[in-house]
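Student: coordinates only, sequence not included:
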């Protein structure tokens with residue numbers, strides 16, 4: 001375990017870039033002073049921000065590049081134009097070279113996935129990466145994946161997600177055998193498509209010692225914390241994530257409007273201000289920011305592109321935790337290091353557009 005956690009930051013990623021990345025690093029550094037940063041991006045944009053945050057400047061090294069991956073670039077375009085030169089690529093490559101323990105970017109999700117996969121390669125037994133995040137629930141936290149790294153997935157892919165998600169939950173929540181559920185339209189065995197029913201059968205028959213498969217979980221089970229790990233393919237996972245974030249913002253607007261409607265409600269708000277603040281904090285998507293690309297031979301964290309400094313700080317915190325909890329070792333142990341825990345993977349691979 002390294003004495004310092006070395007974090008490579010794509011300082012050009014996201015909607016705003018360095019003006020969010022550097023302040024976010026400053027916030028995270030106060031929580032984790034044993035952090036060092038490698039900042040990849042345009043020095044002319046980074047250094048004015050570092051001047052405002054001397055503690056980050058003292059803990060950082062700037063590697064200049066003026067090449068940035070656009071938020072609307074297709075993965076194939078990003079690979080052609082930004083390979084070996086862009087701030088995103090260089091941050092990931094620092095992990096590959098052992099110069100950093102984790103890379104964090106708020107850039108284009110598709111491009112980040114393609115570059116990370118191309119640069120770091122996949123772990124044995126894993127054919128595609130997945131985005132996994134900690135999801136706040138009424139009983140604590142759960143790990144949910146895939147939140148949109150790739151679309152679709154056969155039974156083998158869903159089983160791989162279950163194993164990797166269990167490794168993450170085991171590391172984060174200190175669980176010996178996390179419970180795992182497959183997201184479905186019902187809990188009955190006959191519900192859902194062929195792939196998800198086949199994945200359930202695989203998980204039951206494999207009876208893996210490192211996880212406790214509990215069957216299917218419906219959509220409302222995510223917020224209830226029906227399982228420590230909830231598994232789905234990337235299309236439905238991304239919809240679930242965006243729906244939850246939108247609902248949280250909607251409820252916040254409803255509360256704000258209701259509290260300002262009459263003088264009585266304003267007075268009531270003053271008495272309940274602490275409770276409303278706790279509720280607002282719980283529903284704040286920024287505090288759940290930072291999803292991990294699982295399945296890679298290295299750790300890469302994806303932040304929301306439009307997040308603020310507080311949100312980016314949470315994404316950095318996620319990367320820090322993944323290093324300190326030794327996530328890669330845990331995943332390799334659950335995969336039996338050669339991927340044999342999953343059985344043979346299908347030969348077909350999806351294309352990157």
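Tutor: Perfect, I can see it now. Note that the coordinates shown come from a computational prediction; the quantities given were computed from them, not determined experimentally.
Student: I'd like to know how far the residue most central in space within the chain sits from residue 73.
Tutor: Nearest to the geometric centre of the chain sits residue 291, at 0.6 Å (CA atoms, centre = their mean). Applying CB to CB, to the nearest Å, the value for residue 291 to residue 73 is 19 Å. C-beta: built from backbone N, CA, C; applies to glycine.
Student: all helices of the stretch 201-350 of the chain, in order?
Tutor: With DSSP state H, counting those that start in this stretch, the ranges of helices along the stretch 201-350 of the chain come out as 220-224, 234-259, 263-271, 273-283, 309-324, 327-334.
Student: Nearest to residue 119 among those would be which one?
Tutor: Taking CB to CB, helix 327-334 is the member of the helices of the stretch 201-350 of the chain nearest to residue 119, at 15.3 Å.
Student: List the contacts of the spatially closest residue to residue 325 that is not a sequence neighbour.
Tutor: Leaving aside its chain neighbours, residue 325 sits nearest to residue 171 (3.9 Å; criterion: CB to CB, 6 or more residues apart in numbering). If a contact means CB atoms under 8 Å, 6 or more residues apart in numbering, then residue 171 has 322, 325-327, 330 as its contacts.
Student: Now tabulate the residues you listed in TSV and tack on pLDDT, distance to residue 296 and neighbour count.
Tutor: TSV is the format used below for the contacts of residue 171 (pLDDT from 0 to 100; distance: CB to CB, whole Å; neighbours: other CB atoms under 10 Å):
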residue	pLDDT	distance to residue 296	neighbour count
322	92	11	24
325	89	16	18
326	89	15	13
327	88	11	23
330	85	14	20
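Student: For those, which two are the farthest from each other?
Tutor: 322 and 330 (9.7 Å).
Student: these two touch, right, residue 313 and residue 32?
Tutor: No: contact between residue 313 and residue 32 fails when scored by CB atoms under 8 Å: they sit 9.8 Å apart.
Student: re the thing from before, what about the residue nearest to residue 325, helix or strand, and which?
Tutor: helix 155-173 (DSSP states H and E).
Student: Buried ones in that helix, by neighbour count?
Tutor: By 16 or more other CB atoms under 10 Å, the buried positions in helix 155-173 come out as 155-173.
Student: Would you mind getting the angle between it and helix 234-259?
Tutor: Calculated by axes from the mean of the first three to the mean of the last three CA atoms, to 10 degrees, helix 155-173 forms an angle of 50 degrees with helix 234-259.
Student: Check the offset of helix 155-173 from the chain's centre.
Tutor: 13 Å (CA atoms, centre = their mean, to the nearest Å).
Student: and if you look at stretch 188-208?
Tutor: Taking mean C-alpha positions (CA atoms, centre = their mean), stretch 188-208 and its chain are 25 Å apart.
Student: same check, this time on stretch 242-254
Tutor: 20 Å.
Student: in it, what's buried?
Tutor: Neighbour counts over stretch 242-254 (16+ other CB under 10 Å) mark 244, 248 as buried.
Student: And stretch 62-74, by the same measure?
Tutor: Those would be 62-63, 65, 67-69, 73, for stretch 62-74 by 16+ other CB under 10 Å.
Student: Residue 57 - that's part of a helix, no?
Tutor: Yes: assessed with DSSP: H, G, I helix; E, B strand; the rest coil, residue 57 lies in a helix.
Student: That one: neighbouring residues, count only.
Tutor: Residues lying near residue 57 (other CB atoms under 10 Å) number 19.
Student: That one contacts residue 48, doesn't it?
Tutor: No: checked against CB under 8 Å, the pair residue 57 and residue 48 is beyond contact range at 11.0 Å.
Student: How about residue 265, nearest residue that isn't a chain neighbour?
Tutor: According to CB to CB, 6+ apart, the nearest residue to residue 265 is residue 259 (5.3 Å).
Student: scratch that, residue 41 is what I was asking about
Tutor: residue 11 (3.3 Å).
Student: Need the per-residue pLDDT for the one you found.
Tutor: With respect to pLDDT, residue 11 has a value of 95.
Student: Which residues are in contact with it?
Tutor: 17-18, 21-22, 39-42, 45-46, 87.
Student: That one and residue 257: what is the separation?
Tutor: For residue 11 relative to residue 257 (CB to CB), the value is 38 Å.
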